[in-house]
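Q: fold the stuff below for me.
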Amino acid sequence: MGRNGMRPTRVGRGLLGMTLACWVLSVPLPGEQSKPDVLFIAIDDMNDWVSLLDPDSPIKTPNLERLAGRGVLFTRAYCISPACNPSRTALLTGLRPTTTGVYGNNSDWRKALPKRRTIMQQFQAAGYAVRGAGKIFHHKSKGFHDKASFDDFQMMAPQNMPPRKLNQGPEYGSRNTDWGVWPPDERNTIDFRTADYCIKALQNPPKGKPLFLACGIFKPHSPFFAPKQYFRGTGKVSPPPRLADDWKDLPGGAQVLMRNTKWFWSGMTKLDRRLPGSYNRFVQAYAACCVFADTQLGRVLDALDASPRRKRTIVVLWSDHGFHLGEKNHIEKFALWEKSNHVPFIVVAPGVTEEGGSCERPVDLSVIYPTLLELCGLPGAECDGLSAVPLLRDPDRKWKQPALMTYGRGNHAVRSERWRYIRYADGSEELYDHKADPNEWVNVAADPRHEVVKESHRLWLPREEAPPVTNLRR
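A: Numbers count the residues shown, from 1 in each chain. Next up, the predicted model:
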């Protein structure tokens with residue numbers, strides 16, 4: 001059932017074929033005579049094993065919690081796709097991969113959507129000064145960045161690499177999968193420079209115009225480098241629990257989808273046998289990167305707090321997807337399981353959200369585009385997601401639409417409050433009962449007792465799917 005009690009709507013092919021329309025309302029914030037500012041914060045590869053979402057986690061993120069205390073934390077938020085380019089393209093354009101054909105990290109998203117306004121362009125058209133820095137669009141090639149979406153933008157700096165690999169396995173992986181203490185001075189990191197730019201933008205806002213500021217924090221994306229001080233306390237971080245034969249009940253579709261990423265886990269296990277402790281240090285380096293990212297967020301929040309415009313600033317924070325650290329015998333994202341898709345998502349909207357709000361309804365990040373338009377009183381746009389403003393006003397209200405995730409054409413996951421249902425391009429399925437099995441160790445899709453559950457989740461799968469767009473030439 002949809003937001004207005006209607007049956008689920010399928011996403012069609014292309015802009016003209018879309019059947020899920022989200023015409024957002026133009027509603028100003030109560031008591032505001034001018035447009036609010038927007039601070040739009042993206043974090044790369046941050047999963048749910050942080051204290052923001054897991055109070056028992058040894059990875060402490062006090063600044064994420066500080067922000068969450070000011071508004072609504074969505075405890076069951078999910079990416080649209082567990083890969084950078086399709087996730088960010090969908091979020092920034094309001095259109096899912098099944099509508100656009102942008103399924104992969106090399107997909108040329110602008111070729112697929114030559115006339116589609118990004119969320120930043122919507123704000124430009126409404127008279128906002130739009131600035132940004134860091135990783136907002138996928139950074140793999142300059143061709144992924146959209147200059148037209150910003151009035152001013154500081155491109156993400158190149159990764160500062162050590163003279164040689166830091167981990168003790170030169171035959172394992174590449175420099176981009178390295179980990180360890182680096183660099184000596186945090187001022188020489190991508191995210192410190194991004195935070196500096198955003199701090200200056202908050203200190204010097206545009207005169208006579210509202211500000212939309214996009215802050216793209218790159219860590220904890222690999223390589224897992226962080227300065228020495230961020231490794232303090234990570235010695236107590238141990239790898240997550242695993243099931244040795246976790247893949248025994250995976251269907252053929254999962255085996256096909258995962259075959260290109262098996263090398264990462266198999267290589268790590270071989271390295272750890274040869275050099276015991278390597279796996280532990282890898283996980284601890286990820287933890288250090290999370291702490292580092294949280295600290296850079298704190299620097300930006302400090303600048304916001306010092307600004308006279310704080311009380312009229314909407315803050316939206318999200319991660320583009322999660323990351324496996326060995327759960328389900330997998331390292332990386334690029335999967336439709338919980339750990340690849342469950343992400344931090346916080347909205348602070350003065351006059352709309354109350355402090356310390358928590359929403360347990362499953363949502364995917366397709367809600368961000370329409371939600372921001374509605375919060376800021378901008379004209380509506382046709383999109384593939386529903387505005388989450390009703391949940392911001394009342395986090396406990398009913399919300400019957402589950403979260404939908406896509407990775408590659410034909411592969412989808414549906415997450416309801418209790419279940420994760422996955423169907424692959426070959427029709428094979430997985431089903432996990434999160435009430436009884438939060439680690440997703442037992443695939444119960446073959447159990448006939450759950451046929452009704454599967455059918456209710458199948459209703460949310462797209463009926464039509466756009467063909468993949470061509471890859472960007474590099």
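Q: so what does Val181 have for phi and psi?
A: phi -80, psi 110 (degrees, to the nearest 10).
Q: shouldn't it be in contact with Pro162?
A: No. Under the criterion of Cβ atoms under 8 Å, Val181 makes no contact with Pro162, lying 9.2 Å away. Where you see a C-beta, it was placed from the backbone N, CA and C, and this is true even at glycine.
Q: shared neighbours, those two?
A: Residues within reach of Val181 and of Pro162 at once, by Cβ atoms under 8 Å, 6 or more residues apart in numbering, are Phe225.
Q: for the spatially most central residue of the chain, give me phi and psi.
A: Ranked by distance to the mean C-alpha position of the chain (Cα atoms, centre = their mean), the top residue is Asp320 at 2.0 Å. Main-chain torsions, Asp320, degrees, to the nearest 10: phi -70, psi -20.
Q: which strand or helix spans the closest residue to it other than its chain neighbours?
A: Among residues not flanking Asp320 along the chain, Ser87 sits closest, at 4.4 Å (Cβ to Cβ, 6 or more residues apart in numbering). Assigned by DSSP states H and E, Ser87 belongs to helix 84-93.
Q: quick one: buried residues of the next helix-or-strand element following that helix?
A: Where DSSP H and E defines the elements, the next helix or strand beyond helix 84-93 is helix 97-100. Neighbour-count burial for helix 97-100 flags 97-100 (criterion: 16 or more other Cβ atoms under 10 Å).
Q: tabulate those residues (CSV), appending distance to Asp302.
A: Formatted as CSV, these follow (distance: Cβ to Cβ, whole Å):
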residue, distance to Asp302
Pro97, 37
Thr98, 40
Thr99, 39
Thr100, 37
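Q: wait, what's in contact with the closest residue to Asn188 other than its chain neighbours?
A: Spatial nearest neighbour of Asn188, chain neighbours left out: Asn160 (5.3 Å); criterion: Cβ to Cβ, 6+ apart. Going by Cβ under 8 Å, 6+ apart, Asn160 touches 182-183, 188-190, 225.
Q: so where do the strands sit in the stretch 51-200 of the chain?
A: Counting by DSSP state E, counting those that start in this stretch, the stretch 51-200 of the chain has strands at residues 72-74, 77-78, 129-134, 152-155, 179-181.
Q: that older thread, the contacts of Asn160, buried ones only, as a ChimeraX selection?
A: Selecting only the buried entries of the contacts of Asn160 in ChimeraX, with 16+ other Cβ under 10 Å as the criterion:
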select :182,183,189,190,225
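Q: got a list of what the closest residue to Ser222 other than its chain neighbours touches?
A: Nearest residue to Ser222, sequence neighbours excluded (Cβ to Cβ, 6+ apart): Thr177, at 5.5 Å. The neighbours of Thr177, taking Cβ under 8 Å, 6+ apart as the test, are 222-223, 264.
Q: one more: Lys270?
A: Tyr172.
Q: double-check that it belongs to a helix.
A: Yes. Counting by DSSP: H, G, I helix; E, B strand; the rest coil, one finds Lys270 located in a helix.
Q: per-residue confidence at it?
A: For Lys270, the model assigns a pLDDT of 92.
Q: Ala413 is nearest to which of the strands of the stretch 51-200 of the chain?
A: strand 77-78 (8.2 Å; Cβ to Cβ).
Q: can you list contacts of that closest one?
A: By Cβ under 8 Å, 6+ apart, strand 77-78 touches 318, 341-345, 362-365, 403, 405, 415.
Q: 7 Å instead?
A: The contact list for strand 77-78 (Cβ atoms under 7 Å, 6 or more residues apart in numbering) reads 341-343, 345, 362-365, 403, 405, 415.
Q: mind checking which of those are in strands?
A: 342-343, 345, 363-364, 403, 405, 415 (DSSP state E).
Q: biggest helix in this protein, by residue count?
A: Identified as the longest helix of the chain according to DSSP state H is helix 278-305.
Q: ok, back up a step: ok, so what distance separates the residue nearest to Asp320 from Ser238?
A: According to Cβ to Cβ, to the nearest Å, Ser87 and Ser238 sit 29 Å apart.
Q: related to what we said a few turns ago, how about the helix holding Ser87: buried residues?
A: Across helix 84-93, burial judged by 16+ other Cβ under 10 Å covers 84-93.
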